[in-house]
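Engineer: no sequence for this one, just the structure:
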């Protein structure tokens, strides 16, 4: 793959936000495979845990959940430059998790070409020119059918899961970015995965990435 030299030494990052049930995770993996680049989702938790010296299990319970304490946020802002993170017992506060994961995302963008799913990565990397921000959405009936099939849920259970998960993702994103989750102005491209399906969506995105970054094979 030949990459434009203007891209941070040939490196680039694709951030991928997605509605629950849209198949965004699957599309992200396919896109990474097509382009021959790295893929990061839950793996970021393990990387953040390693960086902080804490158990990965401590991150799982509060991943993509936000803290409403203004005072705590102000304290975290003062402590950030010294890489000091507050804990309550063995539980790392979600604000600290966000800061650690953000540092991991920045380091990934410095060192390799990859797809990063969620974690407000589009916002974290907002000042970089070599980043393409993608959002995957889908029609409600498509999401419902996928969630019922994948998780073996009845219709009401699936609807509740879709609603609660997307609400959690929106709250997390909106809280930490002061933006609106899913707003097309935050992304370079937003696609309805129900139109082309996972494989077709991944292929379309790969062509978009190549065209925007002037990548040739």
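Structural biologist: Arrived safely. Bear in mind the structure is a predicted one, so any value in this text is a computation, not a measurement. Numbers count the residues shown, from 1 in each chain.
Engineer: Surely residue 100 is within a helix?
Structural biologist: Yes. Checked against DSSP: H, G, I helix; E, B strand; the rest coil, residue 100 lies within a helix.
Engineer: Just the pLDDT at it, thanks.
Structural biologist: What the model reports for residue 100 is a pLDDT of 83.
Engineer: Then residue 208?
Structural biologist: 95.
Engineer: what pLDDT, on average, does the strand or helix carrying residue 14 get?
Structural biologist: Assigned by DSSP states H and E, residue 14 belongs to strand 13-18. The average pLDDT within strand 13-18 is 96.
Engineer: Quick check: neighbours of that strand in the sheet, parallel or antiparallel?
Structural biologist: Strand 13-18 has these partner strands in its sheet, going by DSSP bridges: strand 114-117 (parallel), strand 131-137 (parallel).
Engineer: a markdown table for these, including distance to residue 34?
Structural biologist: C-beta here means a position set from N, CA and C on the backbone, and glycine is covered the same way. Below are those laid out as a markdown table (distance: least, C-beta to C-beta, whole Å):
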| stretch | distance to residue 34 |
| --- | --- |
| strand 114-117 | 10 |
| strand 131-137 | 13 |
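Engineer: Packed most tightly, which of those strands would that be?
Structural biologist: strand 114-117 (a mean of 24; mean count of other C-beta atoms under 10 Å).
Engineer: Strands of the chain, start to end?
Structural biologist: Using DSSP state E, the strands of the chain run over 13-18, 38-40, 87-88, 91-92, 114-117, 131-137, 189-192.
Engineer: show me what contacts the residue nearest the centre of the chain?
Structural biologist: Compute the mean C-alpha point of the chain, and by C-alpha atoms, centre = their mean the closest residue is residue 118, 1.3 Å away. By C-beta atoms under 8 Å, 6 or more residues apart in numbering, the contact set of residue 118 is 16-18, 41, 64, 169.
Engineer: Adding distance to residue 25, write those residues out as CSV.
Structural biologist: Listed next are these as CSV, based on distance: C-beta to C-beta, whole Å:
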residue, distance to residue 25
16, 8
17, 11
18, 7
41, 6
64, 13
169, 12
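Engineer: Between the residues you listed, which sits nearest residue 196?
Structural biologist: Nearest to residue 196 out of the contacts of residue 118 is residue 18 (C-beta to C-beta; 14.9 Å).
Engineer: and that closest one, how many neighbours?
Structural biologist: Using other C-beta atoms under 10 Å, residue 18 is surrounded by 23 other residues.
Engineer: hmm, back to that, TSV for the strands paired with strand 13-18, including mean pLDDT and distance to residue 204?
Structural biologist: Listed next are the strands paired with strand 13-18 as TSV, based on pLDDT from 0 to 100; distance: least, C-beta to C-beta, whole Å:
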stretch	mean pLDDT	distance to residue 204
strand 114-117	95	15
strand 131-137	96	10
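Engineer: most neighbours, which of the contacts of residue 118?
Structural biologist: Going by other C-beta under 10 Å, residue 16 tops the contacts of residue 118 with 27 neighbours.
Engineer: separation between that residue and residue 178?
Structural biologist: Distance of residue 16 to residue 178, given as C-beta to C-beta, to the nearest Å: 20 Å.
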